[in-house]
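*Asks:* dropping a prediction and its sequence here:
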2 protein chains.
Amino acid sequence: MMALVRAGSAWPIAASRCASRLLHVPVERDPSFAQLLDKDVSFFEGVLGRSGVITDPDALEPFNRDWQKKYFGHSKVALRPKTTEQVAELLSYCSSRRLAVVPQGGNTGLVGGSVPLYDEVVISTAAMNQIIEFDDVSGTLVAQAGCVLQALDEAVGQRGYMMPLDLGAKGSCHIGGNVSTNAGGLRLLRYGSLHGSVLGLQVVLPEPLMAGNTAGGSSPDAGGRILDLLRTLRKDNTGYDLKQLFIGAEGTLGLITAVAIQCAPRPPSVQVALLACPSFQAVTDTLRAARQRLGEVLSAVEFLDASCSVLACEQLEGVRNPLVAAEGEQGAAAVTHGSEALSPFYMLVETHGSNQEHDLQKMEQFLEAVMAEGCVSDGTLAASEAQARAIWRLREGVPEALARKGAVYKYDVSLPTGVMYDMVTALRGRLEAAGFGSGAGVQVVGYGHIGDGNLHLNVSAPRYDTALLDLIEPYVYEFVARHRGSISAEHGIGLMKAAALPYSKSALAIELMRRIKGVVDPHGIMNPYKVLPRG
Amino acid sequence: MMALVRAGSAWPIAASRCASRLLHVPVERDPSFAQLLDKDVSFFEGVLGRSGVITDPDALEPFNRDWQKKYFGHSKVALRPKTTEQVAELLSYCSSRRLAVVPQGGNTGLVGGSVPLYDEVVISTAAMNQIIEFDDVSGTLVAQAGCVLQALDEAVGQRGYMMPLDLGAKGSCHIGGNVSTNAGGLRLLRYGSLHGSVLGLQVVLPEPLMAGNTAGGSSPDAGGRILDLLRTLRKDNTGYDLKQLFIGAEGTLGLITAVAIQCAPRPPSVQVALLACPSFQAVTDTLRAARQRLGEVLSAVEFLDASCSVLACEQLEGVRNPLVAAEGEQGAAAVTHGSEALSPFYMLVETHGSNQEHDLQKMEQFLEAVMAEGCVSDGTLAASEAQARAIWRLREGVPEALARKGAVYKYDVSLPTGVMYDMVTALRGRLEAAGFGSGAGVQVVGYGHIGDGNLHLNVSAPRYDTALLDLIEPYVYEFVARHRGSISAEHGIGLMKAAALPYSKSALAIELMRRIKGVVDPHGIMNPYKVLPRG
């Protein structure tokens, strides 16, 4: 079975190119995995009831593809357990039958990590959406893996807290998926990574590492495969911090069923400013000034280039760049056509604080300083929540605008701030020199979380094109490797970058990953073909 | 060889009791390890030169015991490599010869983790004390493992930054040891744990996981055992986050040779207040108010009970409690004899901020609120750096004061804040009922990092006593387990708590730790007898 390269397939060109050419995604199904039989479906129905087992092809379709419609699988069954014990029963069965498994959360990933490649069994966390407990003295939340991030944020918001992470997909991504992919997002700068804020996990392993039943559970070997690390302690130095292994493992080591996480106090004072910068040097100078002058209240520093601003305003209803309109009083037309009023770069600077008066004073001093120094040529401070949302919408709308425009090659890299935009201009020059300039409808744009050294480099094109892709890859990965950056800052590896992992990790590191995978998943049934390059 | 229980040994009673009775420390040397031969010393001298190899018994003494003089080993050689490549050569040799190894940093631990038990080879990081690089735009520091924490803090302090951790042993602990033990300390509340702030590690593994030479290095298999994860990126989602495994592994998986860490901007404004609280409920109410009103500037919340205050003032030159003196004007006598001026509890509340005026205003509002609510009966805000240091000295002096007074049983636990002091009173009642009250010279005291849920429970006694220890253990561990706390919040497991690990970790979790240990250290030469309970 040649899922990726068969003729007449529904695969878009980009994916098949990636698969067959650069990324060496296996084009052969691993024959050690069993095929799904009727008796398997019967077993699943016995555990979950009929409503928890999806086999209808139309109903399966959303489980078999990602939201970008780049990755398509051929799973014949999707399972919706409600409890950890059910997950343990399912994995116990799949392991004994050698059925490969894909854990799936909100399926909002960008690297094909949560979509089957062949006929893997999908285990969705969607029905595991209960909050287990929230302690409003300590701000610790314990929730099932399938809780939607935004729903959790709203729930803890009513108790004066906020989730320590925020990202564009918040309305549909699951907390279990966030942890499995070590989601970064918009406010890592302030609230840190999930490696710091996740306090505990409950994970079901594919194999019982121990004989006998050492804990409760309906499955005879549940005690041997339900790894209970679900504590809410800030400090706990009792042996190896095993939960860390599952944070960012993208479901290849086990299935996260519950998460304990440290929430942050919800700030009574929030300020959002949009700034125009005349150069990328000015962007980095502004970042430095923000760190210094906004100090402990700084919560996000984002940037987008002029092209991103134009794209968002062009493609998305109701989105505008208030600085462009204010400068030229030319309204949408100026934005759309890229008037001279556009600045090369825009920055979003946000503060979270406990005292509005103090925060405003700090922000004003910061703005005065960066404008006096010439780092910022124009700026606006949101005067209402609606204005703040509108500024965020400009920044958060960029990926959506790109997706609407046509084909997009998306890269998510960490680089030293000083060379970050060099990568965009270098790639743009390279493509232009080869005839893939704006005349050919190709745009190379950059935006992202500059406060964390995280660039989203996107190439927009009228359609996917092999010659274009050949110019982009491995050039992008080589550039990143040369500057000791990361080929995946926050999106993960998934299917898309498994073969490119050596650009960021040594052979020894990859070998150690493989050995660890071998310990917990000796038959390799958990999310196969993902993360680790082929051996 | 019966190192722990032999007659006439230099072991203090407590350690031998722990070893033979409760903690099941192995009393037999693992016979699979080789004994040191002259040829081994010659090899080490060939790699390090004579000055890097210590065999003189007097010179070996400080490598063979901890600073508390609780744990004593019998190592015949201590090695002081200067480079990662030398460490790789040493571990390669020790592995091939099956010589057991104890990595040792500043040897400031409290659980016997960095001291040999028998004749293990000590590899000290003391000569690996070079700063590799510091980036003062991003605040990322890369340093060799043997750099002393305080020296690093001073170095980055000159560039406007501070280390993200601080602890009592800062003047002698090594950054490599801090990371290996996942040191917590005084400001975790604000700057987070090392799982969040460590950006990269370089680790030498005991075994070459890969054949052949895939990287540089003078040792033929250096590429197979030097694990280079030394990046300075805030975001890097490229496979399993392997460095996390070594954070808190206490040298049982490999030897950390270099650390990349995110420093925090050094705050221009620091405030330190000492508060007197009439009850433990008032302490937790004050903590909650501090979180709410000091918000983003809060950097530490510590507490100590009245006995701790008396002990520190009694035992340590120049230490006084400004609130006791100010209340009664009775000076040292009042403190020493526990006058009515003493409050049951004292709290240290610290802020780190970027704007002195703002911070002072927040602090004043906080103090007014907690005094109005009756949570705080008296308080003082340091008006100078000297006063701030004096307040910190009162809190940080407690362990030293306890050590001077006599025998101390030390416990370091995480508990929900609400029941934290119940543990102290429960144990005090239990001991008093059994005749171990103040009349017998026994004191049960509590202090610690209340902002992180971390209690230091100490029992001071005239001498170590089996009957007393029998009343304390496993009672303490059982209390902690009942409240789903941690038997080691920050001190680690080491030798002292290896057998007690099951009070905090499930059998499955421990089995998974063992399997991971088996992957990287199949012969078990790295820091044997520590962390993991016997199989």
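*Replies:* Looks like it arrived, so ask away. Worth saying up front: this structure is predicted, and the values here are computed from it rather than measured.

*Asks:* A:Ala78 and chain B, how far apart?
*Replies:* A:Ala78 sits 26 Å away from chain B, taking CB to the nearest CB, to the nearest Å as the criterion. Where C-beta positions appear, they are placed from N, C-alpha and C, glycine not excepted.

*Asks:* wait, what's in contact with that residue?
*Replies:* Counting by CB atoms under 8 Å, 6 or more residues apart in numbering or on different chains, A:Ala78 makes contact with A:Val53, A:Ile54, A:Ala59, A:Leu60, A:Phe63, A:Gln104, A:Val121, A:Val122, A:Ile123, A:Ser124.

*Asks:* which one is the fifth one nearest to, not counting chain neighbours?
*Replies:* Once flanking residues are discounted, A:Phe63 sits nearest to A:Ala78: 4.2 Å by CB to CB, 6 or more residues apart in numbering or on different chains.

*Asks:* report pLDDT for the one you found.
*Replies:* As predicted, A:Ala78 sits at a pLDDT of 98.

*Asks:* what's it sitting at in phi/psi?
*Replies:* For A:Ala78, the backbone dihedrals (degrees, to the nearest 10) come out as phi -120, psi 140.

*Asks:* re the thing from before, got the contacts of A:Ala78 as CSV, with pLDDT and neighbour count columns?
*Replies:* As requested, the contacts of A:Ala78 are exported to CSV (pLDDT from 0 to 100; neighbours: other CB atoms under 10 Å in any protein chain shown):
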residue, pLDDT, neighbour count
A:Val53, 98, 20
A:Ile54, 98, 22
A:Ala59, 98, 10
A:Leu60, 98, 19
A:Phe63, 98, 23
A:Gln104, 98, 32
A:Val121, 98, 25
A:Val122, 98, 23
A:Ile123, 98, 25
A:Ser124, 98, 23
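
*Asks:* which ones among those residues map onto strands?
*Replies:* Judged by DSSP state E, strands contain the following of the contacts of A:Ala78: A:Val53, A:Ile54, A:Gln104, A:Val121, A:Val122, A:Ile123, A:Ser124.

*Asks:* kindly indicate which of those lies nearest chain B.
*Replies:* If you rank the ones in strands among the contacts of A:Ala78 by distance to chain B using CB to the nearest CB, A:Gln104 comes first, at 18.2 Å.

*Asks:* wait, isn't that closest one in contact with A:Val121?
*Replies:* No - using CB atoms under 8 Å, A:Gln104 is not in contact with A:Val121; the gap is 10.3 Å.

*Asks:* with adjacent residues omitted, what lies nearest to the closest residue to chain B within the stretch 51-200 of chain A?
*Replies:* Residue of the stretch 51-200 of chain A nearest chain B, by CB to the nearest CB: A:Gly196 (2.6 Å). Nearest non-adjacent residue to A:Gly196, counting by CB to CB, 6+ apart: B:Gly196, 2.6 Å away.

*Asks:* name the helix or strand for the one you found, please.
*Replies:* Assigned by DSSP states H and E, B:Gly196 belongs to helix B:194-197.

*Asks:* show residues contacting that helix.
*Replies:* A:192-193, A:195-197, A:241, A:244, B:164-165, B:178-179, B:182-183, B:191, B:244, B:247-248, B:261-262.

*Asks:* and A:Val272, that's in a strand?
*Replies:* Yes - the assignment for A:Val272 is a strand, going by DSSP: H, G, I helix; E, B strand; the rest coil.

*Asks:* quick one: pLDDT of A:Ala133?
*Replies:* Small correction: residue A:133 is Glu, not Ala. Looking at A:Glu133, its pLDDT stands at 97.

*Asks:* tell me the SS of the closest residue to it other than its chain neighbours?
*Replies:* Setting aside the residues directly before and after it, A:Glu133 is nearest to A:Val142 in space (CB to CB, 6+ apart), at 4.8 Å. Recorded secondary structure, A:Val142: strand (three-state DSSP).

*Asks:* repeat for the one 4 residues further on
*Replies:* Three-state secondary structure (criterion: three-state DSSP) places A:Gly146 in coil.

*Asks:* doesn't A:Pro103 make contact with it?
*Replies:* No - using CB under 8 Å, A:Gly146 makes no contact with A:Pro103, being 10.6 Å away.

*Asks:* mutual contacts of those two, please.
*Replies:* A:Thr125, A:Gly176.

*Asks:* okay, the two: which has more neighbours?
*Replies:* Taking other CB atoms under 10 Å in any protein chain shown, A:Gly146 and A:Pro103 do not tie; A:Pro103 has more neighbours (28 against 24).

*Asks:* just the pLDDT for the spatially closest residue to that one that is not a sequence neighbour.
*Replies:* Once flanking residues are discounted, A:Pro103 sits nearest to A:Gly251: 3.8 Å by CB to CB, 6+ apart. On pLDDT, A:Gly251 comes in at 98.

*Asks:* how deep is A:Gly251 tucked in, by neighbour count?
*Replies:* When neighbours are defined as other CB under 10 Å, A:Gly251 has 25 of them.

*Asks:* low-scoring stretches of chain A, by residue?
*Replies:* Residues of chain A that meet the criterion pLDDT under 70 lie in A:1-27, A:211-223, A:325-340.

*Asks:* apply 50 and report the result again.
*Replies:* A:1-24, A:213-220, A:326-340 (pLDDT under 50).

*Asks:* quick one on the thing from earlier: distance of the residue nearest to A:Gly196 from B:Val324?
*Replies:* Computed as CB to CB, to the nearest Å, the B:Gly196 to B:Val324 distance reads 38 Å.

*Asks:* the more surrounded of those two?
*Replies:* Set B:Gly196 next to B:Val324 and count neighbours by other CB under 10 Å: B:Val324 wins out with 26 against 20.

*Asks:* was I right about the more buried one contacting B:Ala312?
*Replies:* No - between B:Val324 and B:Ala312 there is no contact, the gap being 11.2 Å when judged by CB under 8 Å.

*Asks:* so which residues on the stretch 201-350 of chain A come close to chain B?
*Replies:* A:209-210, A:214-215, A:223-229, A:231-242, A:244-245, A:247-249, A:253, A:265, A:267, A:284, A:288, A:291-297 (CB under 8 Å from any CB of the partner chain).

*Asks:* 6 Å - rerun?
*Replies:* Taking CB under 6 Å from any CB of the partner chain as the measure of proximity, the stretch 201-350 of chain A contacts chain B at A:209-210, A:214, A:227-228, A:233-242, A:244-245, A:248-249, A:295-297.
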